[in-house]
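**Q** No sequence on hand, only this structure:
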């Protein structure tokens, strides 16, 4: 069997604004009217929408280097920058994190950021036919200034092997993707039992990254084949709005208190991700929603060996699934979306599987993206219960009718 790489959970950076104040390194904030479809949107995803995606230059002031993309894709792009440099909002924005913040003001770092965006774009266009082979992360790796001198300890120490994000074909000699997925389906109850589950609701608790924003009470609603919403209420913070992610099968929304945009309609890679998350809530359809499945090199997560399967999702999105070799259970999913300056990873880790009506479901999971992380612990899950369609709609109307 091919030797796998080692994956460890952890982060070297601390985001003061993670999960609550989005970083706007190239712009200031203003509300605007709806605009044209984002060039990164999956074709057809907006067909059911009554409003075209809000463009970055309509949502924010002083946009110069990233015009023409949706506000949602713009926010993802900011996540790539903060992750690559190990920054938070205040590094580029005057008085960020206070009520005196001036998002639109130009600062030396914002000017440099614009120049870097244009530089990276030119490098990829002039040398790699436009493919994103060079990104912020390529050089910065969590530092504001890239390391330019080799470290002797790193050269002669134990190497850290980082796998490629995207692999085009299965690695020879490994189990077929269908075999790995079939074992997982059987481990959580079997195809017939899974087919009997058409909806579920769950309640529990949520903790944001670094404690920012405190913990909350979470409600999850899901309906097959592709509707899902997550509602986090902060009952210990009177007056604070709920944090909501919703997807109704065609249209997705996100609402997060204390952020720059607050509430907005998903588009592009965020909409693709919301769709896949909703579909993955009903695992029996994995082989339908992910195409061109291939088996990758096995890996190790938390000292446990895992089988790795990758497939293509909606739009430009692709996802990598990690299945525990001993239990066959899904322990991690990383989905990758696109942005103008690099891929956007979103990682979900699953644990504490329990049986509910003959089906095993994870009662603990962590949802992490470049700008934040939410850790969920469920205490009650109920299957095949009626769910009001409004639960999957726009957050404002959802809260009104809740």
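**A** Perfect, thanks for sending it. Remember, it's a predicted structure, so these values are computed and weren't measured experimentally.
**Q** Show me the shaky parts of this structure.
**A** Scanning the chain for pLDDT under 70 picks out 1-51, 97-99, 209-214, 258-259, 397-402.
**Q** where along it do the helices fall?
**A** Remark: helices assigned in the chain by DSSP state H are 56-59, 71-85, 108-127, 136-140, 152-156, 177-187, 191-195, 268-280, 286-289, 395-401.
**Q** Just tell me which of those helices ends up closest to residue 348.
**A** helix 268-280 (7.7 Å; C-beta to C-beta). For every residue, glycine as well, the C-beta is placed using N, CA and C.
**Q** Identify each buried residue in that closest one, please.
**A** Going by neighbour count (16 or more other C-beta atoms under 10 Å), the buried part of helix 268-280 is 268-280.
**Q** now the angle from that helix to helix 71-85?
**A** 90 degrees (axes from the mean of the first three to the mean of the last three C-alpha atoms, to 10 degrees).
**Q** Show me what helix 268-280 is packed up against.
**A** helix 71-85, strand 227-233, strand 243-247, strand 252-255, helix 286-289, strand 330-337, strand 344-356 (3 or more C-beta pairs under 8 Å, 6 or more residues apart in numbering; DSSP states H and E).
**Q** circling back: CSV please, covering the helices of the chain and showing distance to residue 216.
**A** Formatted as CSV, the helices of the chain follow (distance: least, C-beta to C-beta, whole Å):
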stretch, distance to residue 216
helix 56-59, 26
helix 71-85, 21
helix 108-127, 33
helix 136-140, 31
helix 152-156, 40
helix 177-187, 30
helix 191-195, 29
helix 268-280, 19
helix 286-289, 29
helix 395-401, 14
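**Q** Compare these and report which one is nearest to residue 225.
**A** helix 268-280 (6.4 Å).
**Q** Please tell me how far that closest one is from the chain's geometric centre.
**A** 9 Å (C-alpha atoms, centre = their mean, to the nearest Å).
**Q** Now do that helix against strand 344-356, angle only.
**A** Going by the same axes, to 10 degrees, helix 268-280 makes 10 degrees with strand 344-356.
**Q** on that earlier part again, tell me which of the helices of the chain approaches residue 333 most closely.
**A** Nearest of the helices of the chain (C-beta to C-beta): helix 268-280, 6.7 Å.
**Q** residue nearest the centroid of the chain?
**A** residue 346 (3.0 Å; C-alpha atoms, centre = their mean).
**Q** So in terms of bridging, what pairs with the closest residue in space to that residue that isn't next to it in sequence?
**A** Nearest residue to residue 346, sequence neighbours excluded (C-beta to C-beta, 6 or more residues apart in numbering): residue 369, at 4.7 Å. Going by DSSP bridges, residue 369 is paired in beta bridges with residue 372.
**Q** Residue 257 versus residue 244, what's the distance?
**A** 10 Å (C-beta to C-beta, to the nearest Å).
**Q** Settle it for me: which of those two has more neighbours?
**A** More crowded of residue 244 and residue 257, by other C-beta atoms under 10 Å: residue 244, with 24 against 17.
**Q** Does the more buried one touch residue 234 like I think?
**A** No - counting by C-beta atoms under 8 Å, residue 234 is not a contact partner of residue 244; they are 11.8 Å apart.
**Q** can you list the domains in the protein?
**A** 13-140, 177-401 (automatic domain parsing).
**Q** Would you reformat those as JSON lines and include distance to residue 164?
**A** Converted to JSON lines, the domains of the chain look like this (distance: least, C-beta to C-beta, whole Å):
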{"stretch": "domain 13-140", "distance to residue 164": "11"}
{"stretch": "domain 177-401", "distance to residue 164": "9"}
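**Q** residues touching the residue nearest to residue 346, list them.
**A** Going by C-beta atoms under 8 Å, 6 or more residues apart in numbering, residue 369 touches 79, 344, 345, 346, 347.
**Q** Tally up the residues packed near residue 318, please.
**A** 24.
**Q** Chain neighbours aside, what residue packs nearest to it?
**A** Per C-beta to C-beta, 6+ apart, closest to residue 318 is residue 312, 4.9 Å.
**Q** Roughly how far does the one you found sit from residue 346?
**A** 16 Å.
**Q** And residue 215, by the same measure?
**A** 21 Å.
**Q** before we move on, what about residue 385?
**A** 27 Å.
**Q** same question, residue 332
**A** Taken as C-beta to C-beta, the span from residue 332 to residue 346 is 11 Å.
**Q** With residue 189 instead?
**A** 26 Å.
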